[in-house]
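A.B. asks: here's a sequence, model it:
(2 chains)
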Amino acid sequence: MKLSKMHVKTLREVPAEAEISSHILLLRAHMIRKLVSGVYGFMPFGSRVLRKIEAIIREEMDAKGAQEILMSAVQPAELWQESGRWQAYGPELWRIKDRNQRDFCLGPTHEEIFTDIARNEINSHRQLPQNLYQIQTKYRDEKRPRFGLIRSREFIMKDAYSFDKDWEGLDQSYRDMYDAYARIFTRCGLEFRAVEADSGAIGGSNSHEFCALSEVGESQIAYCDHCDMAATTERAACVDEQAPAEAELALEEVLTPDTKSIEDLCAFLHIEQKKTIKALLFEIADSEKYKYVAAFIRGDRELNMIKLINALDIPEYAIEFADEAAMGEKTGAVGGFTGPMGLHDCCIVVDSELLAAKNMVAGACKTDHHVKNVNYGRDYKGDIVAELKVIKEGDPCPQCGAPVKMTRGIEVGQVFKLGTKYSEPMGAVYKDESMEEKPIVMGCYGIGVTRTMAAIVEQHHDENGIIWPVSVAPYHVIVTLVNSTDPVQSALAEELHDRLEAAGLEVILDDRDERAGVKFKDADLIGIPVRITVGKKAGDRIVEYKLRADKASVDKEAEQAIADAVEFISARRRG
RNA sequence: CGGGGUGUAGCGCAGCUUGGUAGCGCAACUGGUUUGGGACCAGUGGGCCGCGGGUUCAAAUCCUGCCACCCCGACCA
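C.D. replies: Alright, predicted model coming up:
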């Protein structure tokens, strides 16, 4: 392919809207272009990269016996009403109406559709197991699209759904997908970790996120160098610190003016944050039992909202920070001075770490007052006791006790065990060997294809541009013709190009009538892993070979073909 | 959803304070000279100054409403 004939327009300047490397470089290299916020198109180079990533996904999915299908992006509201998610999904669900005012949505994911397929078309145990997947455009009307392809409103996703007779079958399907994902991301050249994750709104009992390690990632990961523990901070268990044994002292109310924060309180009383109890107040929407919740954790800890939500067994959207004044009237809470004693008509949730913590300082539920020597059991009790903390760097690993490390990652894939969460309410059942009807046991497995593309760029670039791993590069080799007006050089370059193509490589020839510097800059930016320069130096004609990508990622055959071609051209020159 | 910021040529920006009918760099087009790391000279084209309303003889500029885009936050006891 000749670059002079291609529709490629690189940008010299950084578009104002882009902040992170992948967004900047993909725009500058003209791989993508924005239409509106969070909606991007893919230009020739970008489109080729996408197709490469998709091809890897197809190969690995097919190798596990999954079958590709293609469903519509438009989905009728009825299916979503049936699963209850028409309500529950919230404003992110991109809703549309047809000319008759009938409700539809643009699919953000396809559990309903695939469950519908299963209930209509799978009747017998003889048809199980199955794994169906598609690579298709998804829509999520994100409240805040950002970082280009990392969080967009329209994106390409591979979604797969497994259907099994029982949980043992699902375990196998899940393992297969887990293995396939590890192979896919490895082949894409990503440094990643599979981390335990909270299963969140999609539901189910078991889940892993595949995170490409990156500082710009939105997932925070806790991991351990001494064992295989890796989990999102939402999910990671945080080990309770063993409090030293102490005799329980008598309660003592103290005047602590203007000490609304833990810092102020500790400075005022000259104590450690570890010796304090922090209160966090919440209001629950549509709760039958308690409208208000007070959560208590040690003063130096941070509350993990996901753990609190799980402990309360409520949906994520139902909880909000409480209006202190309103809550105070009903429960006796006092902003900045709330403690576990003196509260009424609210659910008290206590972090498990506080059970053994002796002689703590807590709010007195009285303005400008705290109470010293507060002890669990003697002075207060929780309606719920649960582990509620966010793990932080250096905390002991929940598996082996070594200090945990923290990193950030871009979630490029996730695997879920759904179980019967959708099959049961939607009536997707099969008849087993004994003619009995049973719900199909499901799993779902997603890969953000466009996000994977961005993650690869985040991990593979330098100050000059993208450096694609060979496996996903838009072309393998770029032949840079230094002076396209020199007929000898041109002929050499064209011959080299043809020879490399004949050897099965994807080759691009930069034959544009531009100065060498422009061509080098563009080649750096676009990131084709192998660059061959045909030009003239010190009076002699030369052919130079430069590898930008990681050498290990260039397969041996390709490398040999390039070496042969370069050698052939060089020999011709000498002869 | 809350806070902040920005909308002027394809891209990056100035002009706005103090109203007088739009400019710079890059890109594009034509001609010439150049050709191993974003060349040079000469010339050319391209603008509902985000949209609507208002003030004024006159609005990119002042007032007002809306829209779009970007960033930050959503952990406070």
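
A.B. asks: can we go C-alpha only for contacts and neighbour counts from here?
C.D. replies: Noted.

A.B. asks: go through stretch A:282-298 and flag the buried ones.
C.D. replies: Neighbour-count burial for stretch A:282-298, with 16 or more other Cα atoms under 10 Å as criterion, is recorded at A:Phe282, A:Glu283, A:Ile284, A:Lys291, A:Tyr292, A:Val293, A:Ala294, A:Ala295, A:Phe296, A:Ile297, A:Arg298.

A.B. asks: mind checking how far it is from the chain centre?
C.D. replies: Its chain's C-alpha centre lies 29 Å from the corresponding centre of stretch A:282-298 when counted by Cα atoms, centre = their mean, to the nearest Å.

A.B. asks: show residues contacting stretch A:241-257.
C.D. replies: Contacts of stretch A:241-257 with the rest of the structure, by Cα atoms under 8 Å, 6 or more residues apart in numbering, involve A:265, A:268, A:353, A:356-359, A:364, A:367-375.

A.B. asks: among those residues, which ones are in strands?
C.D. replies: Helix and strand membership here follows DSSP state E; of the contacts of stretch A:241-257, those in strands are A:His369, A:His370, A:Val371, A:Lys372, A:Asn373, A:Val374.

A.B. asks: chain neighbours aside, what residue packs nearest to the fifth one?
C.D. replies: Distance criterion Cα to Cα, 6 or more residues apart in numbering; nearest residue to A:Asn373, sequence neighbours excluded, is A:Asn359 at 3.5 Å.

A.B. asks: what secondary structure does the residue nearest to the spatial centre of chain A sit in?
C.D. replies: Against the mean C-alpha coordinate of chain A, by Cα atoms, centre = their mean, the closest residue is A:Glu411 at 1.6 Å. Three states are possible here, and by DSSP: H, G, I helix; E, B strand; the rest coil the one that applies to A:Glu411 is strand.

A.B. asks: so how far is RNA strand B from the residue nearest to it when sequence neighbours are not counted?
C.D. replies: Of all residues beyond its chain neighbours, the one nearest A:Glu411 is A:Cys211 (4.4 Å), with distances taken as Cα to Cα, 6+ apart. For A:Cys211, the distance to RNA strand B (Cα to the nearest atom of the strand, to the nearest Å) stands at 19 Å.

A.B. asks: so which strand or helix has A:Tyr545?
C.D. replies: Element membership of A:Tyr545 [criterion: DSSP states H and E] is strand A:540-547.

A.B. asks: domains in chain A, by residue range?
C.D. replies: A:15-236+A:406-457, A:252-386, A:475-574 (automatic domain parsing).

A.B. asks: distance to A:Lys2 and mean pLDDT added to those, as JSON lines?
C.D. replies: Converted to JSON lines, these look like this (distance: least, Cα to Cα, whole Å; pLDDT from 0 to 100):
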{"stretch": "domain A:15-236+A:406-457", "distance to A:Lys2": "13", "mean pLDDT": "91"}
{"stretch": "domain A:252-386", "distance to A:Lys2": "53", "mean pLDDT": "86"}
{"stretch": "domain A:475-574", "distance to A:Lys2": "5", "mean pLDDT": "83"}
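
A.B. asks: out of those, nearest to A:Pro398?
C.D. replies: domain A:15-236+A:406-457 (7.9 Å; Cα to Cα).

A.B. asks: mind checking how far that closest one is from the chain centre?
C.D. replies: In terms of Cα atoms, centre = their mean, the centre of domain A:15-236+A:406-457 is found 10 Å from the chain centre.

A.B. asks: let's have the domains of chain A in TSV, adding distance to A:Gly465.
C.D. replies: Output for these, formatted as TSV (distance: least, Cα to Cα, whole Å):
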stretch	distance to A:Gly465
domain A:15-236+A:406-457	6
domain A:252-386	39
domain A:475-574	4
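
A.B. asks: do you know which of these lies nearest A:Asn464?
C.D. replies: Closest to A:Asn464 of these is domain A:475-574 (Cα to Cα; 5.7 Å).

A.B. asks: so that closest one, near RNA strand B or not?
C.D. replies: Yes - legend: contact between domain A:475-574 and RNA strand B by Cα under 7 Å from any atom of the strand is shown at A:482-485, A:513-522, A:524-525, A:533-537, A:541-544.

A.B. asks: just stretch A:257-271 next, same as before
C.D. replies: Yes - with Cα under 7 Å from any atom of the strand as the threshold, stretch A:257-271 lies in contact with RNA strand B, specifically through A:Lys260, A:Ser261, A:Ile262.

A.B. asks: what subset of those residues is buried?
C.D. replies: Among the residues of stretch A:257-271 next to RNA strand B, those classed as buried by 16+ other Cα under 10 Å are A:Lys260, A:Ile262.

A.B. asks: okay, now A:His252: neighbour count?
C.D. replies: Wrong residue type there; residue A:252 is Glu, not His. 11 (other Cα atoms under 10 Å).

A.B. asks: which SS state does A:Tyr445 fall under?
C.D. replies: With three-state DSSP as the basis, A:Tyr445 sits in strand.

A.B. asks: returning to what we had before: list just the nearest of the ones in strands among the contacts of stretch A:241-257 to RNA strand B.
C.D. replies: Nearest to RNA strand B, judged by Cα to the nearest atom of the strand, of these is A:His370 at 9.6 Å.

A.B. asks: distance of the closest one from A:Leu26?
C.D. replies: Distance, A:His370 to A:Leu26, by Cα to Cα, to the nearest Å: 56 Å.

A.B. asks: who has more neighbours, the two?
C.D. replies: Neighbours around A:His370 and A:Leu26, counted as other Cα under 10 Å, are more numerous at A:Leu26. The numbers are 27 against 24.

A.B. asks: that one - nearest residue in space that isn't next to it in sequence?
C.D. replies: Nearest residue to A:Leu26, sequence neighbours excluded (Cα to Cα, 6+ apart): A:Ile32, at 5.9 Å.

A.B. asks: quick check: beta-bridge partners of that neighbour?
C.D. replies: When assigned by DSSP bridges, A:Ile32 has beta-bridge partners A:Phe42.

A.B. asks: how about the contacts made by it?
C.D. replies: Counting by Cα under 8 Å, 6+ apart, A:Ile32 has contacts A:Leu26, A:Tyr40, A:Gly41, A:Phe42, A:Met43, A:Gly46.

A.B. asks: neighbour-wise, give me the winner out of those residues.
C.D. replies: Comparing the contacts of A:Ile32 by number of neighbours (other Cα under 10 Å), A:Leu26 comes first, having 27 neighbours.

A.B. asks: who touches the strand or helix carrying that one?
C.D. replies: Using DSSP H and E, A:Leu26 falls within helix A:21-28. Residues external to helix A:21-28 that are found in contact with it (Cα under 8 Å, 6+ apart): A:10-15, A:18, A:32-33, A:46, A:147-149, A:454-455, A:457-458, A:465-466, A:525.
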